[in-house]
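Asker: Provide a 3D model corresponding to the input given below.
(chains A, B, C and D)
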Protein chains: 2
Amino acid sequence: MNNNRRPTLYDVATQAGVSPSLVSLFLKDPERISEKRRNAVRDAITELGYRPSRAATTLASSSTKSIGLVIDDYRNPWFVDLLRGMESVLSNLGYQVMLADSRPGENRIKEATDGLLAMHVDALVIAAEPSDAMLAKTWVPTVVAGWRKGVPLGADLITNDDDGGGSMAANHLLGLGHVRIGHVSGSDGASAHRRAGYRRAVEAAGVEPFISESSGTSEEDGYETASRLLERHPDTTAIFAANDSMALGAFAAIKARGLAVPADVSVIGYDNSPLAKSRFLDLTSIDNRSDIVGADSARRLLARIADPTLEPERTLIEPKLALRGTTAPPR
Amino acid sequence: MNNNRRPTLYDVATQAGVSPSLVSLFLKDPERISEKRRNAVRDAITELGYRPSRAATTLASSSTKSIGLVIDDYRNPWFVDLLRGMESVLSNLGYQVMLADSRPGENRIKEATDGLLAMHVDALVIAAEPSDAMLAKTWVPTVVAGWRKGVPLGADLITNDDDGGGSMAANHLLGLGHVRIGHVSGSDGASAHRRAGYRRAVEAAGVEPFISESSGTSEEDGYETASRLLERHPDTTAIFAANDSMALGAFAAIKARGLAVPADVSVIGYDNSPLAKSRFLDLTSIDNRSDIVGADSARRLLARIADPTLEPERTLIEPKLALRGTTAPPR
DNA sequence: CCGGCATTTTGTAGCGCTACAATTTTTACG
DNA sequence: CGTAAAAATTGTAGCGCTACAAAATGCCGG
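Answerer: Numbering: from 1, shown residues only, chains lettered A, B, ... in the order given. Here you go, the predicted model:
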């Protein structure tokens, strides 16, 4: 760190003996200027340690080539797949993804969104529970990713088929021959859909649903809820947990009762998180394909940036079973 | 989304019947203007759906009240504690933290840093392996958080005492009465320090170190390395893993040999990650107190923002044992 | 060696905001 | 009431960059 002020494009221009416009041109596409000047400018930039000011660029140009992503919690790394999915279509086009989390527990999702909009993102992906008010005057194309309670105005919706995934989980257990299948459910919107799918599938098979509902979605919630379920239905041979963390809690509850997975009780989770993929846990799970959601969101947004008159759409992404070692036929 | 262009401060001023300066004043501190105008401005803002342009604010003012944080990988949620630690001291002061990851495997850490600097962050925390070149002309106060290989120029260093933590882990096991203590080590800088601490502690106790070194730091690496260790030293009664993920891998290796944790083999990890805290895994671990590193980094940066002539410092943060159920005396 | 055209380079005017000095309004008090 | 001091409000000049039209330069055949 040097005590002089940070160099500007004008400093570079002076140093290289060219006009500021030329430096600007260089920044946008070095190929467009003569080799002689190009070298001069490049050298000046290196020598001065110049870095363009994004603020100035943003202000002077209408597009920022960046897309905002609002997530609810960094601790829930499911968003990483979403992010990589977005980047897979955006990076080549020179777009950047900017991330903001909503500071869980503080309902800062509006603030997170505003922050991103304040940075002039060209478009927005909201992967958290949005409110209508938030979306009313966004001024940029927006997609809501994942299942959400509200039906937001003017935004595309790219949704994981949590309902279908719930059925898929239940059908997997039914297919293995289980008939006493409990469901450990959570409190969020996605859980509600997974629960509905589960219920539909077991009822279609003529089996009675056992649902134990929690007030949260954490491992601890999973533990308590699964304990309650096993208490009430000691003959349960399989548990479908609303997400992988809760499945881990269910493991703990099963272990606490002296039972084994999958010998006594099969367990299937949801999200196909790193947890599920772990060699030690080896948890059968439902993969909701966030990477595809991310890529689709990005494509949709690009389309709406190109043509803002496009009508909002709604897309459903099919989940996939990730078969591992925690589910087996009943004894 | 409305098709008109996004409103500016001038639109608000016109709508509220005041000067732009007044609106600017309102934005900085609503208390400083008369109640009458304050209401008029507030109403105009709501009605127009106005959001200040951060780019313009940044450009017009010298400080952006934001601090950049460069991490290596979003998938490794250890950074969350760091982030919260920073926020705990910064939020009250109106500072914001901006995050960028280095896109693991692409060595994009310079790009991440440049991106943050392009946004005019007032200061920088680098929680990834920095290169000297990167830091040469940063123009802003910088601290490097966590242990790193290089000795960077002009930056503060706030370091977890990984060496001390390694000793702490070994001493915990020695204290329980173990004498055949293996160490499953990883490939990064932090691992090297933890390894050195382990070695020092066991040698001081007159016990022979068994170290099995991996080429990575993942769960899979932990599995392979622990398997190798148990192969060579079947009488091992305790394993110290270089991080919690690798500890999970060690669990898998122990289970694969038909042994139990902690009855046959005790396991201690490092990082005190959510994984370790899990009720099911209940893993004894070393907490490297990233929250404190974050808070200290923030404080240090604030001091250097206030007085840029301050000399870089080096601080060591003491780790702490997080005692749980995977360590016990040997049979 | 020149016109005519393509290519490269430059000047000018903002983008939306804040700093700060200047001005106007309000308040306090003799 | 008048006036000085305090409080509230405003005008002006950039911050560092890009867009775009205008100017300069290079290149070609005749």
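Asker: and residue A:46, that's in a helix?
Answerer: Yes. Per DSSP: H, G, I helix; E, B strand; the rest coil, residue A:46 lies within a helix segment.
Asker: in chain A, what secondary structure element scores lowest on mean pLDDT?
Answerer: Taking mean pLDDT, DSSP states H and E as the measure, the helix or strand of chain A with the lowest value is helix A:132-136, at a mean of 63.
Asker: In contact with the residue lying closest to residue A:156 once chain neighbours are set aside, which residues are there?
Answerer: Spatial nearest neighbour of residue A:156, chain neighbours left out: residue A:143 (4.1 Å); criterion: Cβ to Cβ, 6 or more residues apart in numbering or on different chains. For glycine as for every other residue, the C-beta is placed from the backbone atoms N, C-alpha and C. The neighbours of residue A:143, taking Cβ atoms under 8 Å, 6 or more residues apart in numbering or on different chains as the test, are A:123, A:124, A:125, A:126, A:155, A:156, A:157, A:158, A:297, A:300, A:301.
Asker: Ok, residue A:321 next?
Answerer: By Cβ under 8 Å, 6+ apart, the residues touching residue A:321 are A:168, A:169, A:172, A:284, A:286, A:287.
Asker: Would you mind writing the ChimeraX command to select the buried ones in the residues you listed?
Answerer: Buried subset of the contacts of residue A:321, written as a ChimeraX selection, criterion 16 or more other Cβ atoms under 10 Å in any protein chain shown:
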select /A:168,169,172,284,286,287
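Asker: Widest-spaced pair of the contacts of residue A:321?
Answerer: A:172 and A:287 (12.5 Å; Cβ to Cβ).
Asker: before we move on, back to that, just the contacts of residue A:321 now: which is nearest residue A:112?
Answerer: For those, the closest approach to residue A:112 (Cβ to Cβ) belongs to residue A:287, at 26.6 Å.
Asker: ranges for the helices of the stretch 151-300 of chain A?
Answerer: With DSSP state H, counting those that start in this stretch as the criterion, the stretch 151-300 of chain A has helices at A:162-175, A:189-204, A:219-232, A:244-256, A:274-277, A:290-306.
Asker: Just give the number of residues close to residue A:291.
Answerer: Around residue A:291 there are 19 other residues, counting by other Cβ atoms under 10 Å in any protein chain shown.
Asker: Nearest residue to it in space, please, no chain neighbours.
Answerer: Per Cβ to Cβ, 6+ apart, closest to residue A:291 is residue A:85, 3.7 Å.
Asker: For that neighbour, give me its contacts.
Answerer: A:290, A:291, A:292, A:293, A:294, A:295, A:296, A:297, A:298.
Asker: Return the backbone torsion pair for it.
Answerer: Per-residue torsions, residue A:85: phi -60, psi -40 (degrees, to the nearest 10).
Asker: Tell me the buried residues in the helix or strand that the least confident helix or strand of chain A is followed by?
Answerer: Note on helix A:132-136: by DSSP states H and E, the next helix or strand toward the C-terminus is strand A:142-145. Within strand A:142-145, the residues scored as buried using 16+ other Cβ under 10 Å are A:142, A:143, A:144, A:145.
Asker: roughly how far apart are the residue lying closest to residue A:216 once chain neighbours are set aside and DNA strand C?
Answerer: Excluding its sequence neighbours, the residue lying closest to residue A:216 (Cβ to Cβ, 6+ apart) is residue A:187, at 5.7 Å. For residue A:187, the distance to DNA strand C equals 38 Å [Cβ to the nearest atom of the strand, to the nearest Å].
Asker: surely residue A:187 meets residue A:215?
Answerer: Yes. Applying Cβ atoms under 8 Å as the test, residue A:187 and residue A:215 come out as touching, 5.4 Å apart.
Asker: Please identify every residue contacting each of these two.
Answerer: Counting by Cβ under 8 Å, 6+ apart, the residues touching both residue A:187 and residue A:215 are residue A:221.
Asker: measure residue A:330 to DNA strand C for me?
Answerer: Applying Cβ to the nearest atom of the strand to residue A:330 and DNA strand C gives a distance of 64 Å.
Asker: Then residue A:177?
Answerer: Using Cβ to the nearest atom of the strand, residue A:177 is found at 64 Å from DNA strand C.
Asker: ok, now residue A:173?
Answerer: Distance from residue A:173 to DNA strand C, by Cβ to the nearest atom of the strand: 55 Å.
Asker: Can you give me the pLDDT of the residue nearest to residue A:291?
Answerer: Per-residue pLDDT puts residue A:85 at 95.
Asker: quick one on the thing from earlier: pick out the most distant pair among the buried residues of strand A:142-145.
Answerer: Among the buried residues of strand A:142-145, A:142 and A:145 lie farthest apart (Cβ to Cβ), at 10.2 Å.
Asker: Overlap in contacts, the two.
Answerer: A:125, A:126.
Asker: Pick out the residue of the stretch 151-300 of chain A closest to DNA strand C.
Answerer: Taking Cβ to the nearest atom of the strand as the measure, the stretch 151-300 of chain A has residue A:154 as its residue closest to DNA strand C, at 21.2 Å.
Asker: Residue A:314: how many residues sit nearby?
Answerer: 11.
Asker: And the residue nearest to it when sequence neighbours are not counted, how far from residue B:159?
Answerer: Nearest residue to residue A:314 in three dimensions, chain neighbours excluded: residue A:157, at 4.5 Å (Cβ to Cβ, 6+ apart). From residue A:157 across to residue B:159, the span is 46 Å (Cβ to Cβ, to the nearest Å).
Asker: Same question for residue A:165.
Answerer: Residue A:165 is 44 Å from residue B:159, by Cβ to Cβ.
Asker: These two: who's more crowded?
Answerer: More crowded of residue A:165 and residue B:159, by other Cβ under 10 Å: residue A:165, with 27 against 20.
Asker: Could you pull up phi and psi at the residue most central in space within chain A?
Answerer: Taking Cα atoms, centre = their mean, the centroid of chain A lies closest to residue A:79, which sits 3.2 Å from it. Note on residue A:79: its backbone torsions stand at phi -70, psi -20 [degrees, to the nearest 10].
Asker: I'd guessed it sits against residue A:288; true?
Answerer: No. Residue A:79 lies out of contact with residue A:288 (Cβ under 8 Å); the separation is 12.0 Å.
Asker: Just the pLDDT at the nearest residue to residue A:17 once chain neighbours are set aside, thanks.
Answerer: Nearest in space to residue A:17, with sequence neighbours left out and distances taken as Cβ to Cβ, 6+ apart, is residue A:40 at 6.5 Å. In the predicted model, residue A:40 carries a pLDDT score of 93.
Asker: Touching, residue A:40 and residue A:18? I think so.
Answerer: Yes. Here residue A:40 reaches residue A:18: they are 6.6 Å apart, a contact under Cβ under 8 Å.
Asker: what's the spacing between stretch A:179-186 and its chain's center?
Answerer: Offset of stretch A:179-186 from its chain centre (Cα atoms, centre = their mean, to the nearest Å): 25 Å.
Asker: same question, stretch A:50-70
Answerer: How far stretch A:50-70 lies from its chain's middle: 24 Å, per Cα atoms, centre = their mean.
Asker: quick check: mean pLDDT across that stretch?
Answerer: pLDDT averaged over stretch A:50-70 gives 92.
Asker: Now do the buried residues in it.
Answerer: Neighbour-count burial for stretch A:50-70 [16+ other Cβ under 10 Å]: A:50-59, A:64, A:66-70.
Asker: In strands, which of these fall?
Answerer: Among those, the members falling in strands (DSSP state E) are A:66, A:67, A:68, A:69, A:70.
Asker: now, which of these sits nearest residue A:271?
Answerer: When those are compared against residue A:271 (criterion: Cβ to Cβ), the nearest one is residue A:69, at 18.0 Å.
Asker: who does the residue nearest to the closest one when sequence neighbours are not counted bridge with?
Answerer: Distances taken as Cβ to Cβ, 6+ apart place residue A:125 nearest to residue A:69, at 4.8 Å, with adjacent residues excluded. Assessed by DSSP bridges, residue A:125 has beta-bridge partners residue A:69, residue A:143.
Asker: re the thing from before, any chance of CSV for the helices of the stretch 151-300 of chain A, columns mean pLDDT and distance to residue B:311?
Answerer: Output for those, formatted as CSV (pLDDT from 0 to 100; distance: least, Cβ to Cβ, whole Å):
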stretch, mean pLDDT, distance to residue B:311
helix A:162-175, 97, 55
helix A:189-204, 95, 51
helix A:219-232, 96, 45
helix A:244-256, 96, 45
helix A:274-277, 91, 42
helix A:290-306, 94, 45
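Asker: Please consider this matter closed, and thank you.
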